[in-house]
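In: Got a predicted structure here, sequence first:
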Amino acid sequence: METAEDIQIIHTTGRNNCGGRCIIHAHVKDGQIIKLTSDTPGEAARSGQDFPLCACVRGLNYHKTFLSPDRLRYPMKRIGERGEGKFERITWEEAVSMISREWIRIRDTYGPGSRYVNYATGVSGLMRGNELAKRLLALDGGFLDYYNSYSTACIRQATTLMYGTNETGNDLADWQNSHLIILLGHNPMETKFDCGTMYYLRKAKEKGIPIVVIDPRKNDTVLALDAEWIPIRPATDSALTDAMAYVIVSEHLQDQDFLDRCCLGFDKEHMPAGVDPGECYLSYLNGEKDGIPKTPAWAEAITGIPADTIISLARRYALAKPAALIQGFGAQRNANGEQSVRGGILLACMTGNVGVSGGWASGVADCTRHQNPHLDLPDNPYPMQIPVYRWTDAVVRGHEMTALDGVTGGRQLQSDIKMIINLAGNCLINQHGDINRTKEILKDTSKCEFILCSDLFMTASAKFADILLPGISMFEGENITMPWQYGDFIGFNNKVIEPLYEGRFEYDWLVEVAERLGLREAFSQGRTTGEWLEYLYRELQKTEKELPDYQTFKKAGIYRYRHNTPVIAFEKERRDPVQYPFPTPSGKIEIFSKTVFQTEYEDFFPAIPRYVAPPEGPQDALASRYPLQLIGWHTKRRCHSIHDNNPEMQKIDPQKLWMHPLDALSRGIRDGDTVLVFNDRGQLLIPVKVTDRIMQGVTAMAQGAWYDPDPSGTDKGGSINVLTSLKTTPYARGNAQHTNLVEVRKA
Ligand SMILES: Nc1nc2c(c(=O)[nH]1)N[C@H]1C(S)=C(S)[C@@H](COP(=O)(O)OP(=O)(O)OC[C@H]3O[C@@H](n4cnc5c(=O)[nH]c(N)nc54)[C@H](O)[C@@H]3O)O[C@H]1N2
Ligand SMILES: Nc1nc2c(c(=O)[nH]1)N[C@H]1C(S)=C(S)[C@@H](COP(=O)(O)OP(=O)(O)OC[C@H]3O[C@@H](n4cnc5c(=O)[nH]c(N)nc54)[C@H](O)[C@@H]3O)O[C@H]1N2
Ligand SMILES: [Mo]
């Protein structure tokens, strides 16, 4: 019989790139994990917290994903063509020698700017391979760095453009004070940003606060909250916000006092000096230059939302006082991404919902009440950076790239990328855009000469490695985990079991590479991973006085702060914008940006929030050949590409293409049929789910499925990035992976 003494419970937290960071209790018997449980409402209440940091179905299955027998077992070197997936076993000693040799050769041949560490979020902990590799490269002469993320390129840059900061969120508990909540491109029932969002939305619902979801799909959040659903054509949100603005102005519902005191560029009377006042937002809205007033009828033709619905939504939002228009990241991973964000912020300003309880300034809405621990990078001697989504460009034509391509920190890159370090990431292939083009670029070993990967599995990216190393999972080593935007806690990964096979944490072999470079001491400062964690925790304790001692924290696996100051973003700026200016160039919220007005971009980017018909949007001429819009979303069954190889997770939400019944009918397609989805970039096979949960003219498939091409190059895995484009957005140079035109036919 099993007794409690046989079973040891070790506390840990999730550490992939899911905002959830749930508490995991690992039940261990004879060195094996027998099950995982999580935080409960009762436990949370006992420790004085409103809600538990509770694992979802993925969290409770982490061991089944990460300890699967498909794990990479030992270091390997490529023997076939690059990307073919043929490898031969080598020793760790050989691996470290080969890495060091290539590292030095490439540095000495092409210079530090030829070395690049790919975006990678498989280990989103304090100690993570990609950041540690950057640390070593910085000590060794430098590397080409990136800015932006695949997550929030447009929303972060657009929020800063208007408010001068990303700290635009109230605390979530404040939603209880709203009279109306609008979720724009947000599906928190599936996409965890944290454990609080759904808790507080449910409370709002119970209180009777109306909730509206604007999304091309009737997403799981609509169902979970029994919310109102307004379907919209993808990449047209800014046409909706323009028309709502039009209604608000026509009916004199705007908070003119707030606009006059706090904003720049709404009307002619509040424009920056030296700019034609006719460039203001109101002139655009009334069609003073283009002759097109941005009426609800105008927006209906673009967004597919009936004019009456737009009118009623505008009135409700303007009159609710206060109301919260909350943006997810879905509408900004779009070819019109910056504008969708700016449109939301504009409406929050017009309705005076900024700086008030129950309101919401919109934008990315960070609300940082506690600092996270962090490992400082030494100064990078190579000053230039590229937008992250442009790394494939930098492999092909880096030496030509300039500010027009989004290069910062210098005039022009000095080199193409010749070495890529990809540790715990699948953005080399699976999660980056246009897989066929990316493969073609990476296959050519005369372009990027050396690719180093570390992962747990033979992913699509791992297959492109020259040296492929086995990592360790969250159960096999220590780390500290940090929340996303509203966490108010820090977590600890306790070591639960010994590393499987020959797996090693990235830091441990990087120290050996450092040794070969003569940088061991500078790199490691004599610390092991565990010693770094303790050191960095103690550094944090200097400012976060509430933190318990290290051993207590470690044993509990979590610390949740008890003292959180209530935050209403921009309260003082709203009250007294003269004494407390917004951190923008003008000190006001910049509805009109003079900086943008005076800058040259590769593609058109206006100085005001306004709809611009995007490439591959519904109005693109390409729609005559590829008439269906295709978006992705982040499914509950995966964290990006993680868990796709876990059969238990496959059952939860089988990979399917969502298609409206009328679009299916006109193509002779029936529910369950396998279809071919294609455009000029590629094609894939996938079963269809015919459903009225998606708007007519739009199709969708969850992002993250494992790319699995047949010999002719047709993907059988339902991996959306076969169809996505590498074209970046005009201002942020962000990834528009939700903006694609395709056609679908029965296979
Ligand atoms: N379960 C799960 N949770 C996750 C992740 C995961 O992979 N799995 N990933 C985490 C990470 S790293 C991130 S960055 C976030 C991602 O969070 P988000 O980017 O917010 O998630 P998405 O599912 O891409 O998009 C949210 C919603 O936007 C809708 N949408 C798409 N295009 C448009 C549009 O043009 N307009 C409007 N109004 N809506 C649109 C989609 O249908 C979707 O329902 O989630 C995090 N949480
Ligand atoms: N079309 C489309 N593409 C997208 C998105 C989209 O919405 N649409 N979303 C984008 C977003 S928001 C993001 S954040 C990126 C995410 O892109 P990635 O950061 O590439 O995310 P994952 O797919 O989670 O890849 C993590 C990798 O780490 C490995 N891994 C997991 N745990 C460990 C570990 O402990 N050690 C080691 N060594 N490896 C580990 C996993 O096996 C996996 O290969 O994808 C982007 N790509
Ligand atoms: Mo992300």
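Out: Right, received. Where do you want to start? Ligands and ions are numbered 1, 2, ... in the order given.
In: From here on, just use CA atoms for contacts and neighbour counts.
Out: Fine.
In: Return the per-residue confidence for residue 222.
Out: At residue 222, the model reports a pLDDT of 98.
In: What residues does it make contact with?
Out: The contact partners of residue 222, taken as Cα atoms under 8 Å, 6 or more residues apart in numbering, are 213, 228, 229.
In: Then residue 641?
Out: Counting by Cα under 8 Å, 6+ apart, residue 641 touches 426, 430, 431, 703, 704, 705, 706.
In: hmm, which two among these are most spread apart?
Out: In these, two members sit farther apart than any others by Cα to Cα. They are 426 and 703, at 12.4 Å.
In: how far does stretch 271-285 stretch from start to finish?
Out: Its first and final residues considered, stretch 271-285 spans 15 Å by Cα to Cα, to the nearest Å.
In: Same check on stretch 707-719?
Out: End-to-end distance of stretch 707-719 (Cα to Cα): 5 Å.
In: max-length strand in the chain?
Out: strand 682-690 (DSSP state E).
In: What sits closest to the residue nearest to the spatial centre of the chain if chain neighbours are left out?
Out: By Cα atoms, centre = their mean, the chain has its centre lying nearest to residue 151, at 1.7 Å. Leaving out its chain neighbours, the residue that sits closest to residue 151 by Cα to Cα, 6 or more residues apart in numbering is residue 329, at 7.1 Å.
In: one step back: CSV for the contacts of residue 641, including secondary structure?
Out: CSV is the format used below for those (DSSP: H, G, I helix; E, B strand; the rest coil):
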residue, secondary structure
426, coil
430, coil
431, coil
703, coil
704, coil
705, coil
706, coil
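In: OK, contacts around the nearest residue to residue 218 once chain neighbours are set aside?
Out: Among residues not flanking residue 218 along the chain, residue 693 sits closest, at 4.8 Å (Cα to Cα, 6+ apart). Residue 693 makes contact with 217, 218, 219, 660, according to Cα under 8 Å, 6+ apart.
In: which parts of the stretch 351-500 of the chain sit against ligand 2?
Out: 423-427, 431-432, 454-457, 459, 471-474 (Cα under 6 Å from any ligand atom).
In: Among these, which are located in strands?
Out: Short answer: these in strands (DSSP E) are 423, 454, 455.
In: quick check: domain ranges of this structure?
Out: The chain is divided into the following domains under automatic domain parsing: 76-150+380-473+501-527, 154-367+586-597, 621-746.
In: my guess is residue 607 contacts residue 592, does it?
Out: Yes: counting by Cα atoms under 8 Å, residue 592 is a contact partner of residue 607 at 5.4 Å.
In: circling back to that earlier point, among the contacts of residue 222, which one has the most neighbours?
Out: Counting neighbours by other Cα atoms under 10 Å, residue 213 comes out on top of the contacts of residue 222 with 25 neighbours.
In: thinking it is in contact with residue 183, fair?
Out: Yes: using Cα under 8 Å, residue 213 is in contact with residue 183, at 4.7 Å.
In: elements contacting the helix ranked longest in the chain?
Out: What stands out as the longest helix in the chain, according to DSSP state H, is helix 92-110. The elements that helix 92-110 packs onto, with contact taken as 3 or more Cα pairs under 8 Å, 6 or more residues apart in numbering; DSSP states H and E, are helix 506-516.
In: wait, does the helix it packs on make contact with ligand 2?
Out: No: remark: helix 506-516 sits outside contact range of ligand 2, by Cα under 6 Å from any ligand atom, the gap being at least 7.1 Å.
In: Just the CA atoms of that helix, as PDB, please.
Out: The C-alpha trace of helix 506-516 is given here as PDB (Å, rounded to 0.1, in the frame of the first residue of the first chain):
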ATOM      1  CA  GLU A 506      22.700  25.300 -21.200                       C
ATOM      2  CA  TYR A 507      24.700  27.200 -18.600                       C
ATOM      3  CA  ASP A 508      26.800  24.200 -17.700                       C
ATOM      4  CA  TRP A 509      28.300  23.700 -21.200                       C
ATOM      5  CA  LEU A 510      28.400  27.400 -21.900                       C
ATOM      6  CA  VAL A 511      30.800  27.600 -19.000                       C
ATOM      7  CA  GLU A 512      33.000  25.100 -20.800                       C
ATOM      8  CA  VAL A 513      32.900  27.100 -24.000                       C
ATOM      9  CA  ALA A 514      33.800  30.200 -21.900                       C
ATOM     10  CA  GLU A 515      36.800  28.200 -20.600                       C
ATOM     11  CA  ARG A 516      38.000  27.600 -24.200                       C
END
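In: State the distance from residue 242 to ligand 1.
Out: Per Cα to the nearest ligand atom, to the nearest Å, residue 242 is found 14 Å from ligand 1.
In: Give the buried residues for the one helix or strand that residue maps to.
Out: Counting by DSSP states H and E, the element that carries residue 242 is helix 237-250. Under the neighbour-count criterion of 16 or more other Cα atoms under 10 Å, helix 237-250 has 237-249 buried.
In: Now tabulate those in a markdown table and tack on distance to residue 366.
Out: Output for the buried residues of helix 237-250, formatted as a markdown table (distance: Cα to Cα, whole Å):
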| residue | distance to residue 366 |
| --- | --- |
| 237 | 22 |
| 238 | 22 |
| 239 | 25 |
| 240 | 24 |
| 241 | 22 |
| 242 | 25 |
| 243 | 27 |
| 244 | 25 |
| 245 | 25 |
| 246 | 29 |
| 247 | 29 |
| 248 | 27 |
| 249 | 29 |
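In: Make JSON lines out of those and add pLDDT.
Out: Converted to JSON lines, the buried residues of helix 237-250 look like this (pLDDT from 0 to 100):
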{"residue": "237", "pLDDT": "98"}
{"residue": "238", "pLDDT": "98"}
{"residue": "239", "pLDDT": "98"}
{"residue": "240", "pLDDT": "98"}
{"residue": "241", "pLDDT": "98"}
{"residue": "242", "pLDDT": "98"}
{"residue": "243", "pLDDT": "99"}
{"residue": "244", "pLDDT": "99"}
{"residue": "245", "pLDDT": "98"}
{"residue": "246", "pLDDT": "98"}
{"residue": "247", "pLDDT": "98"}
{"residue": "248", "pLDDT": "98"}
{"residue": "249", "pLDDT": "98"}
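In: Perfect, I'm done here.
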